[in-house]
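Q: Structure for the following, please:
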Amino acid sequence: MILGTILLVVIVVLALAVAGIYNKLVALRNRFKNAFAQIDVQLKRRYDLIPNLVETAKGYMAHERQTLEAVIAARNQAASANQQAAANPGDAGAMQNLMGAEALLGGAMGKLLVTVERYPDLKANQNMSQLMEELTSTENKIAFSRQAYNDAVMTYNTATETFPNVLLAGPFGFKSAVLFEVKNEEVREVPKVSF
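A: Numbers count the residues shown, from 1 in each chain. Predicted structure coming up:
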């Protein structure tokens, strides 16, 4: 009788421990997914600003058509990759595609900004100035959102890799999440806007 009671207590304690670990991992996974949703909001804002920026620049930069088309193509590729990553931020492949597309977009935007510098009338255009200011603000918000996301991913990954959580993470489908890191050094810098 006493042995049965002790065994029942041990089973209940273990069940509660497993439930606690599972609930903690779910909460941490949801936290990093929410953090990615904040990046998604800012990326969509940037993707919406870019066509307006290109449209404004078109009138002044007739000879720079290739640069403008590269920006739009990179923007479309990044927007598509973002949709896939937003559907499942825990998917390492989707996150890698997004990071690659963002690196390409950053490079194309860098070339556009360098090109804009050669057109003083374009730099003086009020519409262009406002768009560039909004883009700079959005880039700052993206950087902040990436930091929050990476912090949430780090906390989640640490929880899935520590003992005793590691014993339950794999069987319950808690895979490591990928940090949102920008590999291209040009993209690491916020675009410089001068008027």
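Q: which residues in this structure form strands?
A: Assigned by DSSP state E, the chain shows no strands.
Q: The residue most central in space within it: what's it in contact with?
A: Closest residue to the average C-alpha location of the chain: Ile39 at 4.8 Å, with Cα atoms, centre = their mean. Contacts were defined as Cβ atoms under 8 Å, 6 or more residues apart in numbering; by that measure Ile39 touches Ile142, Ser145, Arg146, Tyr149, Phe180. For glycine as for every other residue, the C-beta is placed from the backbone atoms N, C-alpha and C.
Q: tell me the contacts of Gln84?
A: When the contact criterion is Cβ under 8 Å, 6+ apart, the partners of Gln84 are Asp91, Ala94, Asn97, Leu98.
Q: now Lys141
A: Contacts of Lys141 by Cβ under 8 Å, 6+ apart are Gln42, Arg45.
Q: switch the cut-off to 10 Å
A: Lys141 makes contact with Gln38, Ile39, Val41, Gln42, Leu43, Arg45, Arg46, according to Cβ atoms under 10 Å, 6 or more residues apart in numbering.
Q: Which single one of these is nearest to Ala74?
A: Taking Cβ to Cβ as the measure, Ala74 sits nearest to Arg46 out of the contacts of Lys141, at 11.6 Å.
Q: Not counting sequence-adjacent ones, nearest residue to that closest one?
A: Closest residue to Arg46 in three dimensions, ignoring its sequence neighbours and counting by Cβ to Cβ, 6 or more residues apart in numbering: Thr138, at 4.9 Å.
Q: is it true that that neighbour touches Leu49?
A: Yes: under the criterion of Cβ atoms under 10 Å, Thr138 is in contact with Leu49, at a separation of 6.5 Å.
Q: More neighbours: these two, which one.
A: Thr138 (20 against 17; other Cβ atoms under 10 Å).
Q: for that one, what are its contacts?
A: Residues in contact with Thr138, defined by Cβ under 10 Å, 6+ apart, are Val41, Gln42, Leu43, Lys44, Arg45, Arg46, Tyr47, Asp48, Leu49, Val190.
Q: count of neighbours near the residue nearest to the first one when sequence neighbours are not counted?
A: Sequence neighbours aside, Ser145 is the residue nearest to Val41 in space, at 7.8 Å (criterion: Cβ to Cβ, 6+ apart). Number of residues near Ser145 (other Cβ under 10 Å) recorded here: 20.
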